[in-house]
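Asks: Fold the stuff below for me.
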Amino acid sequence: MPVITYEARENVALVRMDDGKANAFGYAMLDELDAALDRAEREAAAVVIAGRPGRFSAGFDLGEMMAGIDKVRALVGRGTSTFLRLYGLPMPLVAACTGHALAAGAFTLLTADVRVAARGAFKIGLNEATIGMPLPVLAVELCRDRLAPAHLLSSTLFGQIVDPERAVVAGWVDELADEAAVVDTAVARAALLTKLPRPAYAQTKLALRERMIAHVRQTLELDLARLTAPTK
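Replies: Sure thing, here's the model as predicted:
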């Protein structure tokens, strides 16, 4: 059963993640997301990535990662490829944070050009520090690029989790909308961005982000080894 759906809203591609559970990034989710991005680049002028009501994403699929070190490295490496693609997408990308966004779900928000979050009792942030996991370089670099400097350490080193209102202040998201309207609001923001000339948009985004993308790719193997090194 598909975990990604694609809906054309005029010239905006609405890509929804829904595995019926935590919207975890496993191979099926990542493969289908890449396929949806392929289609969007052919057919649309902007993309909105959304979760299901109450849940954006809980991050990587822990079930797949618990199968051993090699599985962790493979899945994180595979996910990094998709997240870097989102970050460098040569067209406007808007995130509709429909609920909880934790771990890789949180830093996926940072790949988007505009982030709209639902109001409510939702949790947003990186909880890795609180469970003894180091952050991948990709997450650190996205946080360094997109979060407010005053909130960088609390959001990364201290593993602080925030509600949507504080997420705006920290820089996880740009604005809030009622839960029932968050997707429509994100689509409206994306539609406005389609009015900008696409070649200039793509080239400027690349100029802003290509150095970080290259750094993450060049250091990925070392980072994967570090993430899975045994602790003393």
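
Asks: May I see the buried residues of the worst-scoring helix or strand of the chain on mean pLDDT?
Replies: The least trusted helix or strand in the chain, going by mean pLDDT, DSSP states H and E, turns out to be helix 62-65, with a mean of 78. By 16 or more other CB atoms under 10 Å, the buried positions in helix 62-65 come out as 64, 65. All C-beta spots, glycine's among them, are computed from the backbone N, C-alpha and C.

Asks: Over to stretch 201-215?
Replies: Using 16+ other CB under 10 Å as the test for burial, stretch 201-215 gives 201, 205, 209, 212, 213.

Asks: chain center to that stretch: distance?
Replies: 17 Å (CA atoms, centre = their mean, to the nearest Å).

Asks: mean confidence score for it?
Replies: Averaged over stretch 201-215, pLDDT sits at 98.

Asks: just to revisit the earlier point, turn the buried residues of stretch 201-215 into CSV, including distance to residue 192 and secondary structure.
Replies: Below are the buried residues of stretch 201-215 laid out as CSV (distance: CB to CB, whole Å; DSSP: H, G, I helix; E, B strand; the rest coil):
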residue, distance to residue 192, secondary structure
201, 12, helix
205, 16, helix
209, 21, helix
212, 26, helix
213, 26, helix
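
Asks: all helices of this structure, in order?
Replies: 27-43, 62-65, 69-87, 104-109, 137-146, 152-156, 164-170, 182-193, 198-218, 220-227 (DSSP state H).

Asks: List just the one of those helices that sits closest to residue 124.
Replies: helix 164-170 (4.4 Å; CB to CB).
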